[in-house]
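[1] What follows is a protein structure lacking sequence information:
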DNA sequence: GCCGTTTTCGGCCCGACTGTTTTCAGTCG
């Protein structure tokens, strides 16, 4: 089993945890954490990069030492220095730091004074009342630790973005009813449109803060008030979702929005840039000495450090600051750029709506075309079509298009990629369609090599236009297939095949890094919703958000083009 | 441990809230 990037990242994070407990140089600790983040952000396995003679030292935050450690991990699967460190410090201690309110110092203190190593030790000590006796700890801290250990057992998953959106809307509507409220905005990873959201960060402009804080913490769904201050409060809802509210003055609005939108890594990089110009950035503004020189809008903040506005979706410290500095930010795709949807089902197979209703919904989206891509016969559970079924499908759409005016329904199929890489319908049938989306549905747990070969084989077929949901992952439920995306993309580019960004909220597959990779490798992307109902077509906005996170412009995405250009591009 | 448009050494982002501290350390984001 080759070493995955997550394995390297996890070893570096473990190093950071243990060094931190050991009270090592905090910047050294940070170096390990930064490296872990860099590695897990990479679109392809580090092992492959090494095999291709790429130097890890070219990566940001990776120097000579860490590059050697990476090589060691790739070759041996372990890091000798971590093994040594684990002789000095009990490795289980790092897990204790995941308890809310426990950081390296307290974990070390608990270990030294009470011999606490495991979560069970911690719980027992808290129940016995042993912790409150320790210097620096008290009754309240002990209570919090006891509660935190308990709460940790059923820690909530990160919410899919679309669910976070619902919660955010509810909370914004509630806060808008607070006395003296002037403006409420959602920041954080939600605003950056990350595929999952861990907590909600809400910013508030109001006349007086205390009544807003009272209103907020009195919400009927609040399970626990974690903290409540003059300008900042945190609660946990009964659903387990954490919500932070911060009250900010108007003159600081832009600086605060920037600050609380993050990502943390992006903010650190921007503040560092500010330092170089003798400026200081915090959530209240941009300061030269004591003088506030910017902060009312985010544009002001960026302008103060000589940068153009950077859209939230790009703020991950993945090169956007450098690109902005060089005036090389991508002109990001928008929902308005989309001219049609290329993956949808009707009730002929497993969809819920008729062709007519799907078209009506697509027209409402402002589209010029919609592809109906029914399942093929192998997907029996969905009532997939055989050759005869496809003939009926084609006839139905031809008939519909005769009276559809300026709107066109495209004849597509979602063709199953069989275990051996063959397609689930004969070529002479496939030839009668406008285009084909080819997807893996079964045998999802083949080895990485076999899965990759399978998809490459499918792409050999001249009728394969689009690879549907290329990694098969279901967010939070099913991991991606083990495919070598580098090879898939290379082949897609060579064969003029497109990769789907499936916009369904459970999938969002390609992910953001894959989109970025497609852009860099000049592979065409389509954004499709895989709609099974009329309302599913609205998932397009999630797909577009993901594409923006992956730096895609309209020109990178096939279904921003006119029908003529689209069909021409499919012929290869 | 990384890094360099004043640097190969000496820096490394910044502030709110809490609890136990009587002036601040720890944690968090």
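    Sure thing, it's come through. The shown structure was predicted, so the numbers you read here are calculated from the model rather than taken from an experiment.

[2] unless I'm mixing things up, residue A:377 is touching residue A:429, no?
    No - Residue A:377 is not in contact with residue A:429 according to C-beta atoms under 8 Å; the separation is 10.5 Å. The C-beta positions use only the backbone N, C-alpha and C, and glycine is treated the same way.

[3] Comparing those two, which shows the higher neighbour count?
    residue A:429 (21 against 18; other C-beta atoms under 10 Å).

[4] in what helix or strand does the more buried one lie?
    helix A:427-430 (DSSP states H and E).

[5] ditto for residue A:449
    Here residue A:449, judged by DSSP H and E, is contained in helix A:448-460.

[6] mind listing what the closest residue to DNA strand B within the stretch 101-250 of chain A touches?
    Of the stretch 101-250 of chain A, the residue with the smallest distance to DNA strand B, taken as C-beta to the nearest atom of the strand, is residue A:138 at 1.7 Å. Residue A:138 makes contact with residue A:132, according to C-beta atoms under 8 Å, 6 or more residues apart in numbering.

[7] immediately after the helix or strand of chain A with the lowest mean pLDDT, which helix or strand?
    Lowest by mean pLDDT, DSSP states H and E among the helices and strands of chain A is helix A:139-153, with a mean of 80. Once the chain leaves helix A:139-153, the next helix or strand it forms, by DSSP H and E, is strand A:159-160.

[8] right, and the helix or strand after that next one?
    Past strand A:159-160, the next helix or strand by DSSP H and E is helix A:161-175.

[9] what mean pLDDT does that following helix have?
    Averaging pLDDT along helix A:161-175 gives 93.

[10] how about it: buried residues?
    Residues of helix A:161-175 classed as buried under the neighbour-count rule (16 or more other C-beta atoms under 10 Å) are A:161, A:162, A:164, A:165, A:167, A:168, A:171, A:174, A:175.

[11] export the residues you listed to JSON lines and tack on distance to residue A:317?
    Putting these into JSON lines (distance: C-beta to C-beta, whole Å) gives the following:
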{"residue": "A:161", "distance to residue A:317": "20"}
{"residue": "A:162", "distance to residue A:317": "25"}
{"residue": "A:164", "distance to residue A:317": "22"}
{"residue": "A:165", "distance to residue A:317": "24"}
{"residue": "A:167", "distance to residue A:317": "27"}
{"residue": "A:168", "distance to residue A:317": "24"}
{"residue": "A:171", "distance to residue A:317": "28"}
{"residue": "A:174", "distance to residue A:317": "33"}
{"residue": "A:175", "distance to residue A:317": "30"}
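
[12] Looking at those, which is nearest residue A:326?
    Residue A:326 lies nearest to residue A:161 out of those, by C-beta to C-beta, at 30.1 Å.

[13] measure residue A:496 to residue A:524 for me?
    As judged by C-beta to C-beta, to the nearest Å, residue A:496 and residue A:524 stand 8 Å apart.

[14] anything in contact with each of the two?
    residue A:569.

[15] Would you mind telling me which of the two has more residues around it?
    residue A:524 (19 against 15).

[16] wait, what's in contact with the more buried one?
    Contacts of residue A:524 (C-beta under 8 Å, 6+ apart): A:492, A:496, A:498, A:499, A:518, A:556, A:557, A:558, A:569.

[17] Surely the last one and residue A:558 touch.
    Yes - shown here, residue A:569 and residue A:558 form a contact pair, counting by C-beta under 8 Å, at 6.1 Å.

[18] Show the contacting residues for the residue nearest to residue A:4 when sequence neighbours are not counted.
    The shortest distance from residue A:4 to any non-neighbouring residue, by C-beta to C-beta, 6 or more residues apart in numbering, is to residue A:45 (6.4 Å). For residue A:45, the contact set (C-beta under 8 Å, 6+ apart) comprises A:2, A:3, A:4, A:5.

[19] Identify the farthest-apart pair in the residues you listed.
    Maximum distance among those (C-beta to C-beta): 10.4 Å, for A:2 and A:5.

[20] Sketch out the low-pLDDT regions of the stretch 451-572 of chain A for me.
    A:572 (pLDDT under 70).

[21] can you give me the helices for it?
    A:485-495, A:512-521, A:540-549, A:563-570 (DSSP state H, counting those that start in this stretch).

[22] ranking the ones you listed by burial, who's on top?
    helix A:540-549 (a mean of 25; mean count of other C-beta atoms under 10 Å).

[23] Pull the residues that contact it.
    Under the contact criterion C-beta under 8 Å, 6+ apart, helix A:540-549 has outside partners A:161-162, A:192-195, A:311, A:313-314, A:316, A:332-335, A:337-338, A:341, A:365, A:501-505, A:508, A:510-512, A:515, A:525, A:527-529, A:556-557.

[24] which of the residues you listed are buried?
    A:161-162, A:192-195, A:313-314, A:316, A:332-333, A:337-338, A:341, A:365, A:501-505, A:508, A:510-512, A:515, A:525, A:527-529, A:556-557.

[25] In strands, which of the residues you listed fall?
    Among the buried ones among the contacts of helix A:540-549, the subset assigned to strands under DSSP state E consists of A:341, A:501, A:502, A:525, A:527, A:528.

[26] got a list of what the nearest residue to residue A:562 once chain neighbours are set aside touches?
    Leaving aside its chain neighbours, residue A:562 sits nearest to residue A:339 (6.8 Å; criterion: C-beta to C-beta, 6+ apart). Counting by C-beta under 8 Å, 6+ apart, residue A:339 touches A:367, A:368, A:369, A:559, A:560, A:561, A:562, A:563, A:566.

[27] repeat that for 10 Å
    Residue A:339 makes contacts with A:365-369, A:554, A:557-563, A:565-566, as judged by C-beta atoms under 10 Å, 6 or more residues apart in numbering.

[28] repeat for residue A:111
    Counting by C-beta under 10 Å, 6+ apart, residue A:111 makes contact with A:21, A:89, A:90, A:92, A:93, A:96, A:117, A:121, A:122.

[29] Now that we have the residues you listed, can you turn them into TSV and tack on neighbour count?
    Listed next are the contacts of residue A:111 as TSV, based on neighbours: other C-beta atoms under 10 Å:
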residue	neighbour count
A:21	24
A:89	18
A:90	18
A:92	14
A:93	23
A:96	26
A:117	17
A:121	16
A:122	25
